[in-house]
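Asks: My questions are about this predicted structure, shown below with the sequence.
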Amino acid sequence: MFYSLYKTYGEFFLKAIVYLGAFILVAGYLLFFANPSLVMYNAGGRSSGALGNPNGLGMFCFLFFMLFFVIQHYFPALFKKKERIIILFLIFSSLLWSGSRGQTLSLLIFFVTQFLSKRNKTVGLLLSAAIGIMLVSIDIDIVAIAQALGFEDYLRVETLNAGGGRVVARDFAFEQIQKNFWIGKGFSYTEYIYGQNYLRLSLLGHEGNAHNAFLTVWLDTGFIGLLLFVLGWGILFLKASQNSYLAFPIAFAVMASNMVESWLIGSLNPFTIQLLMILTLLVFIVKDAPSASHKRVRHIRPKPFPGFSSPANALAK
């Protein structure tokens, strides 16, 4: 559908997609001005915007930024400077307003891996993997670092040691996985088992489900299902990497995001849909030039919206 609409309407369709995402972020501010209680969460410290949940707003900002980044990278003349500034302001202000630590970290991972991969995809991949392993394996005093930088309020350091309840969720998931390691217990089993143990988990400081897409898939479909899940997405990113150096940075960031949330398991949420838009762009629509500059290459020449002329057509006239 995305590819078909792009093929029909071209760059105007991409611009409309970005405008739609920006409007969703603006709607969050409008709701705040109309009635702050509609969007504020945690005693007014975090905003849910128009997404209904602060972490949902954070995930939307994370994915919307990557979608905008890809479009802007391959279609640099699509937006004026003022438009770019306004869109980026909406994204980053909303992300900070959401207080979503996991999505902020995921976006930082994207920036780092994108920078490392820009000149050499192989070197960038290896260095990014090494950084990921170091972050997982080395014991870093995040609380002390946050306090030193003055970010203790935004990072909510009082919950960092418990991972905001996610450590409890992870340990419980591993406990249940051992009961049916290979084939799981069926779709939506994660929701069922966490709901059955709600009181026990809430007393330990956790609310919600597994908060990890990979553990959710493992619980529902077993280790075999998890392997197939990772393989399916991996093939898509490998195909995208043949056209764009951005594929692996996006993959690393998405993995990080889904280590703290489970949005990748849903097919109709506003997060997975944006990821599929990004992959459609990278697999079917854009391609890096065979040089380090990563100049844009188009595969098709779509026709514009009815009543409009594309920039290329205007120049031709």
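Replies: Looks like it came in fine.
Asks: quick one, helices of the stretch 1-150 of the chain?
Replies: Along the stretch 1-150 of the chain, the segments classed as helices by DSSP state H, counting those that start in this stretch run 2-9, 11-34, 54-74, 81-98, 101-117, 121-137, 142-149.
Asks: Give the other helices and strands that the third one contacts.
Replies: What it means is helix 54-74. Applying 3 or more Cβ pairs under 8 Å, 6 or more residues apart in numbering; DSSP states H and E, we find helix 54-74 packed against helix 11-34, strand 46-47, helix 81-98, helix 101-117, helix 247-258, helix 272-280. Glycine gets a C-beta too; all of them are placed from N, C-alpha and C.
Asks: follow-up on the earlier one: how about JSON lines for the helices of the stretch 1-150 of the chain, with distance to Y41 and mean pLDDT added?
Replies: Compiled in JSON lines, these are given as follows (distance: least, Cβ to Cβ, whole Å; pLDDT from 0 to 100):
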{"stretch": "helix 2-9", "distance to Y41": "32", "mean pLDDT": "94"}
{"stretch": "helix 11-34", "distance to Y41": "12", "mean pLDDT": "96"}
{"stretch": "helix 54-74", "distance to Y41": "5", "mean pLDDT": "96"}
{"stretch": "helix 81-98", "distance to Y41": "9", "mean pLDDT": "96"}
{"stretch": "helix 101-117", "distance to Y41": "14", "mean pLDDT": "90"}
{"stretch": "helix 121-137", "distance to Y41": "28", "mean pLDDT": "68"}
{"stretch": "helix 142-149", "distance to Y41": "21", "mean pLDDT": "46"}
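Asks: just so I know, which of those lies nearest H206?
Replies: helix 54-74 (13.8 Å; Cβ to Cβ).
Asks: what helix or strand is G222 on?
Replies: In the assignment (DSSP states H and E), G222 maps to helix 213-241.
Asks: what residue is smack in the middle of the chain?
Replies: Nearest to the mean C-alpha position of the chain, by Cα atoms, centre = their mean, lies L63 at 3.8 Å.
Asks: how much space is there between the closest residue to that residue other than its chain neighbours and V18?
Replies: Distances taken as Cβ to Cβ, 6 or more residues apart in numbering place Q274 nearest to L63, at 4.1 Å, with adjacent residues excluded. Computed as Cβ to Cβ, to the nearest Å, the Q274 to V18 distance reads 11 Å.
Asks: Which neighbours do the two have in common?
Replies: The contact sets of Q274 and V18 overlap at L67 (Cβ atoms under 8 Å, 6 or more residues apart in numbering).
Asks: Please say which of those two ends up with more neighbours.
Replies: For Q274 and V18, the more surrounded residue by other Cβ atoms under 10 Å is Q274, and the numbers stand at 22 against 19.
Asks: List the contacts of the more buried one.
Replies: Residues counted as contacts of Q274 (Cβ under 8 Å, 6+ apart) are 21, 60, 63-64, 66-67.
Asks: So which elements touch the helix holding G222?
Replies: In terms of contacts (3+ Cβ pairs under 8 Å, 6+ apart), helix 213-241 is packed against helix 166-177, helix 189-196, helix 247-258, helix 272-280.
Asks: picking that back up, the residue nearest to the centre of the chain against N269, yeah?
Replies: No: taking contacts as Cβ atoms under 8 Å, L63 lies outside contact range of N269: 10.1 Å.
Asks: Okay then, goodbye and thanks.
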